[in-house]
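Asker: What would the 3D arrangement of this be:
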Amino acid sequence: MESALSSEKSDKIREFEERAKRMRVAFVDLDSLEINPEIGQLIPEAMARRYQAVCIGKKEKKITLAMADPVDVFALDDVRIRTNFDVEPVLADPAAIDKAIGSVYGEDSSWKDIVETAETSVVDVIKDDDKASEDEVVIDQPVIRLANLIITQAIDKKASDIHIEPFEREVLVRYRIDGVLHEIMTIPKSLEPAVVARIKIMSDLDIAEKRVPQDGRIHLKLKTGDFDFRVSTLPTVMGESIVMRILDKRSIKVELKDLGFSETDFKKWTTAINITNGIILVTGPTGSGKSTTLYATLNMINKPDVKILTVEDPVEYNLKGIVQVQTNRRAGLDFARALRAFLRQDPDKIMVGEIRDKETGSIAVEAALTGHMVLSTLHTNNAVLSVNRLLEMGIEPFLISSTIVAALAQRLGRRVCSKCKQEIAKPRKLMDIFDKMGIPEETVVLNRGEGCNVCNQTGYKGRVGIYELMVASDVLKDLINREAHYSELFAQAKKDGLSTLYEDGLRKVASGMTTYEELYRVTAD
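Answerer: Model (predicted):
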């Protein structure tokens, strides 16, 4: 009997070996291989199950991936992009892969227990005849625990956003950690209505309305502190997609000096924000840390003898000693209307969440001309382009030149993990770049994270700011007034001491804070 089973297994292995030969890859018998769980978990469980693949080895920046379909280029590209590892695919028996996945990730993880228990649960929508527009929902405890687990696990992993995304056969949960999305888990499609309903109840949203986007807010008190969540729902063809922005109140206590400014830029910025009147702009894409910089700046200038007013959409954090206003479009309270009212409130400093149009920009300029300091944000790729953006809005050049004090462009790059960082060799090409920057080779320290449990095997933990500060000199203001071309403005800003995002990032690479690959990722635009 044993001989027959052994013969059958040998035939099966030969069959896979022949198939692997045709695919021009190696075959691995997973039944005879012991997989290190730490190596196996280099790829997320959701990804492993989706592509029926398991990581069985790692050497430097390359992983070996046992796959049921090793020529699936889409799967290989996805794993390569999401893990930042080169991938060497090998063929394995699909049944052995499923068994290995269960061994690596555990068949009885806590969230799976909850999902299995909750799968047969029912969500009852109870309608009161006397209050037809009000719905109450009874959610079973397992679903409540699952929703709570998604939230608390995101906080534990220090995620900034939670994405709950419905697809045809499953619901994908992803966390944005240090600016990069990571797949965390998949939950059965049958649980989607219950989980969405639970989060809507927590956010005080209308659970019966599934046709239009909704915005809500959750406040939670946990052992680790108080957290607010900004919740957004979006109807899609597969169901409602939910994104939850985690607002950690501890982040507003960050000091300006700890954000990553160079010594020169820090002095220029602190000088600019203490000027009594003018406009200061912070620019960059969504998620580049503009709000954190503005809040840290407000904390620095917030004194008993200074009155500060802010108008935000929405107010993310409450700041002691600062009067904050949240826009309300339904009531007609937008940035422009709030700004007009601010001028009658005798402020010293004003923060506007964003200058989005000519009306808001014009009132901000008016406030600056009448002796107020105005801080705001714009969406531009660099500091100098903030001038062009204001011109595109229709604000007169002479008004811009009369009021602009400084513009700060920024990005957030991932820091090399302090637990697993290793000093690496200095590539000649990179040394030549540092040499052109005037950075001596002997001062350069290049680090790379090997990947550990602390950084979820990514090699990065935490983020560092990369900055580009333009201070408006008299010569630059004259060029703005004459509507000079962008190239002239940029050339003058460089003469005035502007250090570009790329140059500032290179200094952080040279000091070992981050990697050149990460710098390229965040400054490629």
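Asker: Please identify the helix or strand for Arg463.
Answerer: Taking DSSP states H and E as the definition, one finds Arg463 inside strand 460-471.
Asker: With Lys508 instead?
Answerer: For Lys508, the enclosing helix or strand under DSSP H and E is helix 501-510.
Asker: coming back round to it: tell me which residues of the strand holding Arg463 come out buried.
Answerer: Buried positions in strand 460-471, judged by neighbour count with 16 or more other C-beta atoms under 10 Å: Tyr460, Lys461, Arg463, Val464, Gly465, Ile466, Tyr467, Glu468, Leu469, Met470, Val471. (Each C-beta comes from the backbone N, C-alpha and C, glycine too.)
Asker: beta partners for the third one?
Answerer: Arg463 forms beta bridges with Arg414, as assigned by DSSP bridges.
Asker: For the buried residues of strand 460-471, give me TSV that also has pLDDT and distance to Ile404.
Answerer: Supplementary listing: the buried residues of strand 460-471 in TSV, determined by pLDDT from 0 to 100; distance: C-beta to C-beta, whole Å:
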residue	pLDDT	distance to Ile404
Tyr460	91	35
Lys461	90	37
Arg463	90	28
Val464	92	27
Gly465	93	22
Ile466	95	22
Tyr467	96	17
Glu468	97	15
Leu469	97	13
Met470	97	9
Val471	96	10
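Asker: Which two among these are spaced furthest apart?
Answerer: Among the buried residues of strand 460-471, the pair separated by the greatest distance (C-beta to C-beta) is Lys461 and Val471, at 32.9 Å.
Asker: just checking, Ala510 touches Glu441?
Answerer: No. Between Ala510 and Glu441 no contact is recorded; they are 9.4 Å apart, counting by C-beta atoms under 8 Å.
Asker: Quick one: classify the nearest residue to Asn447 once chain neighbours are set aside as helix, strand or coil.
Answerer: Leaving aside its chain neighbours, Asn447 sits nearest to Gly512 (4.0 Å; criterion: C-beta to C-beta, 6 or more residues apart in numbering). In three-state terms, and counting by DSSP: H, G, I helix; E, B strand; the rest coil, Gly512 is coil.
Asker: hang on, the earlier thing: shared neighbours of Ala510 and Glu441, anything?
Answerer: With contacts defined as C-beta atoms under 8 Å, 6 or more residues apart in numbering, the residues shared by Ala510 and Glu441 are Phe434.
Asker: Those two: who's more crowded?
Answerer: Ala510 (22 against 13; other C-beta atoms under 10 Å).
Asker: Quick check: the more buried one vs Glu442, distance?
Answerer: The gap separating Ala510 from Glu442 is 11 Å, by C-beta to C-beta, to the nearest Å.
Asker: Okay, now the unreliable bits of the protein?
Answerer: 1-9, 106-140, 249-253, 525 (pLDDT under 70).
Asker: Now the residue nearest in space to the middle of it: closest residue in space, sequence neighbours ignored.
Answerer: Within the chain, one residue has its C-alpha closest to the average C-alpha position: by C-alpha atoms, centre = their mean, that is Gly179, at 2.9 Å. Once flanking residues are discounted, Gly179 sits nearest to Leu412: 5.6 Å by C-beta to C-beta, 6+ apart.
Asker: check contacts around that neighbour.
Answerer: Taking C-beta under 8 Å, 6+ apart as the test, what Leu412 contacts is Gly179, Gly287, Ser288, Gly289, Arg463, Val464, Gly465, Ile466, Val522.
Asker: part of a strand, is it?
Answerer: Yes. Applying three-state DSSP, one finds Leu412 inside a strand.
Asker: Roughly how far does it sit from Val522?
Answerer: The span separating Leu412 from Val522 equals 7 Å under the rule C-beta to C-beta.
Asker: Now list whatever residues contact both of these two.
Answerer: Gly179, Ile466.
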